[in-house]
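Q: next one to model:
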Amino acid sequence: MAIPLHRSSLLDDRSCGGRGFCDRYTQVVEDWLRSLWVDAVAAAGGGDGMALVAVGGQGRGELCPGSDLDLLLLADKGVDAARVADGLWYPIWDERLKLGHAVRSIRDTLALAAEDLETATALLSARHVAGDPALTAELAEKARLAWQRKGRRWLDVLSRAVQARHAAHGEVAFDLEPDLKEGRGGLRDVHALAWARAAGADVDERLLAELFDHHDALLAVRVELHRAGGRAGDVLTLDDQDDVAARLGDVDADALMTRVAVAGRAIAWSSDESWHEIGTRLATTRFGRASRDRPLDGGLVLRDGRVALADEGSPVADPVAVLRVAVAAARVPTRISPRTLELLSEAPELPDPWPEPARLLLVELLGSGAAAIPVIEVLDRWGLWVRLVPEWEPARSRIQRNALHRFTVDRHLLETASEASRLGAHTRQDLLSMAALLHDLGKGYPGDHSESGETLATAITTRMGFAAGDVATVAHGVRHHLLLPDVATRRDLDDPATVAMVAEVVGTAERLALLRALSEADGRATGPSAWSDWKAQLVDQLTQRVSARLSGDPIDEVAADPFPSAEQRAMLDGGVLEVRADGDTITVACPDRPGTFHRVAGVLALHGLDVLSASIHSERGMALDEFRVTVGPSGTVPWDRVGADVARVLAGRLAIQARLDERVRSQLGRRRPGIHQLGHAVRFDDGASADATVVEVVGADSLGLLYRLTRALTDLDVDIRTARIHTLGADVVDTFYVTSADGGPITDQEHRHEIERALLHALEPVT
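A: Numbers count the residues shown, from 1 in each chain. Take a look at the predicted model:
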């Protein structure tokens, strides 16, 4: 039997997916394995006392296109299985299939399983493939009984493993690039509950059957993920989502990720509840008696480790009760009793406007930080959160398709509120928490999300009973939550027009303080690429200057280090090329001639250095270029080599364009394309500076892009004064403060049209 032909045919059959594919693929593989067995046994002169057993994922019949084969060759004590093993393993490797394999006796296998969770659980799905079926049956039965006998111990081990796995692999329902197998709410959580049930845990059989429906929904996605990428993998990346969605017949990637989120939420909820119940029962058994209710405030108790209404037998008449329960759960922190949640879902809704206790409780809940997130998730699972914030519905499970964001919109809002809970030292915590909770809610609605969000925030905070002035402050924060980071990373902070514009938008010191805290909370919740020490420094510089302007203080007193500094001016006095580098900054002084900037930028690109910002100064026939770059994980930059190449390129001894083009072409086909959200655009902003023209270039990031853009400007006799480089995942927003040859803003429309044409051409990828 030729496995490649059958496997290829099955992979190409688009009508066969999900569980059906796994069943057929497992059958094809194991039919082939049985033919290998016949040949291997014949070559070895016999196969008595041996059996080939499928374990793990293969034993469960869950082979996906890129899955490893999980095989155990059982051999009675004294049986030499080496030749049979060679006759099996080598043909598998010859077909370039991944193989997890072992050759052991039943006794040795059980001994290993007694100490190793992975082995023990793999044996729970042991299934006969070839050889002596009695050996397989004996192993499977003994492994099952051993698992049951030590069930209590294994449940402890398994529970800890589940928690560790969740911490390491994130969330299927909320991550933008979820790990379908190992993440919280993934395939492995369903397996773990099945193993827990086999160990004696009281996991409802009907619940497990329902979870396997969600499991199979994720399994179908995993099958197509393997097909789409032609490789094994469990992380559904942004790059793969469109292809996988098309293969599954979804309208788009958003529909696919909603399907994934629904399954992930259901699995995660049931898994969390089940493991909490298992832990409670284990504790009861360990200490020999059931725990007593522990009274909490407001008619609540801690019952079996969960917050519950003291009276779970009567309807709830108080609409504020849901928030009292939520705050209590976040304080402990712990879960909420399912019966209490059921009663709360039948309670009357809050009036419009909310009573003051409800508003104060919501603010307290948001101020609980990370502890509030699972509590709000539970409320949302039961339909209680959307009763409090009906506008939340369109944001649920909504993906944000860029490489900066880690989470869906709804989870990002909760993470931002959590981050904001630590940042209220210089602003009102209640207003900051509300702005954080609502700042991206507009992404679920048509139009610009900041503008939509402002309208939503006004309606929501008014309904919640906030004072009119507070409503306006929260709405302003939502409308302008991107103002400080966008301006700080895209505009010249030394230009008075920049500070004046921000001060006019902000208006008051109180609103400025809220926006500063909200910027950090949003950035930290977005991901490590969205909030760095460099960005924090820029935002702080901008905030300090705007604060000074609002208070009437001289802005010069809060200025950053001047450019050029006295030390840099001294470099100009030499009249010759000088290169100095330290930390993340390189400064080049040289005789002023066109093209210095783009040549140095090209050298930095050639050495894999991403430019964050650049400043240019010229006087007395000398030019001074300062570049600040991103320093990699090593924390160091090979400045000696970089400096040597800078000297070579400025001396006309380095073919920088040819080298960059060669580097780009060498990477073609090896790098997967990113998700580009912004398209290509060139914008002129005449109001951002009084003495320069601001040109903003938006496009896909690529090696040497800054070199190509700045060369295009130089070729058109444009002088660059300042550059800001802002990377947004696979896209960039590069801002240049430029002047014409006479030193003033560029006003000639024909010249501007040519600049736009040249920059758009520079954005096109090298082929």
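Q: list the helices and strands the one helix or strand His191 maps to packs on?
A: Remark: His191 resides in helix 187-198, with elements defined by DSSP states H and E. Packing contacts for helix 187-198, counted by 3 or more C-beta pairs under 8 Å, 6 or more residues apart in numbering; DSSP states H and E, involve helix 133-149, helix 151-169, helix 205-229, helix 253-287. In this view, the C-beta of every residue, glycine as well, is placed from N, C-alpha and C.
Q: average pLDDT across that helix?
A: Helix 187-198 carries an average pLDDT of 98.
Q: can you list contacts of it?
A: 60, 62, 121, 124, 144, 147-148, 154-155, 158, 161-162, 165, 180-182, 203, 205, 208, 211-212, 214-215, 218-219, 222, 267-268, 270-271, 274-275, 278 (C-beta atoms under 8 Å, 6 or more residues apart in numbering).
Q: now, of these, which are buried?
A: Neighbour counting by 16 or more other C-beta atoms under 10 Å classes 60, 62, 121, 124, 147, 154-155, 158, 161-162, 165, 180-182, 203, 208, 211-212, 214-215, 218-219, 222, 267-268, 270-271, 274-275, 278 among the contacts of helix 187-198 as buried.
Q: burial of Val576, as a residue count?
A: If you count neighbours by other C-beta atoms under 10 Å, Val576 ends up with 9.
Q: a strand runs through it, doesn't it?
A: No - assignment of Val576 by DSSP: H, G, I helix; E, B strand; the rest coil gives coil, placing it outside any strand.
Q: please name the residues that touch it.
A: Here Val576 is in contact with Cys590, Pro591 (C-beta under 8 Å, 6+ apart).
Q: for it, what are phi and psi?
A: phi -130, psi 170 (degrees, to the nearest 10).
Q: list the contacts of the helix or strand of the chain with the lowest mean pLDDT.
A: In the chain, the helix or strand scored least confidently by mean pLDDT, DSSP states H and E is helix 3-12, which has a mean of 77. Helix 3-12 has contacts (C-beta under 8 Å, 6+ apart) with Cys16, Phe21, Arg24, Tyr25, Val28, Val29, Trp32, Pro65, Glu95, Leu97, Arg227.
Q: just give me how far it sits from the chain centre.
A: Here helix 3-12 shows a centroid-to-chain-centroid distance of 34 Å under the convention C-alpha atoms, centre = their mean, to the nearest Å.
Q: next secondary structure after it?
A: helix 18-44.
Q: state the mean pLDDT of that following helix.
A: 95.
Q: need the next SSE after that helix, C-terminal direction.
A: strand 50-54.
Q: now Arg618: phi and psi?
A: Not Arg; residue 618 is Ser. Dihedral angles for Ser618 - degrees, to the nearest 10 - are phi -140, psi 140.
Q: burial of it, as a residue count?
A: Other residues near Ser618 come to 14 when the count uses other C-beta under 10 Å.
Q: and for it, nearest residue in space, chain neighbours not counted?
A: Asp592 (4.9 Å; C-beta to C-beta, 6 or more residues apart in numbering).
Q: near that neighbour, how many other residues are there?
A: Asp592, neighbours per other C-beta under 10 Å, totals 15.
Q: could you do Val129 as well?
A: Around Val129 there are 21 residues (other C-beta under 10 Å).
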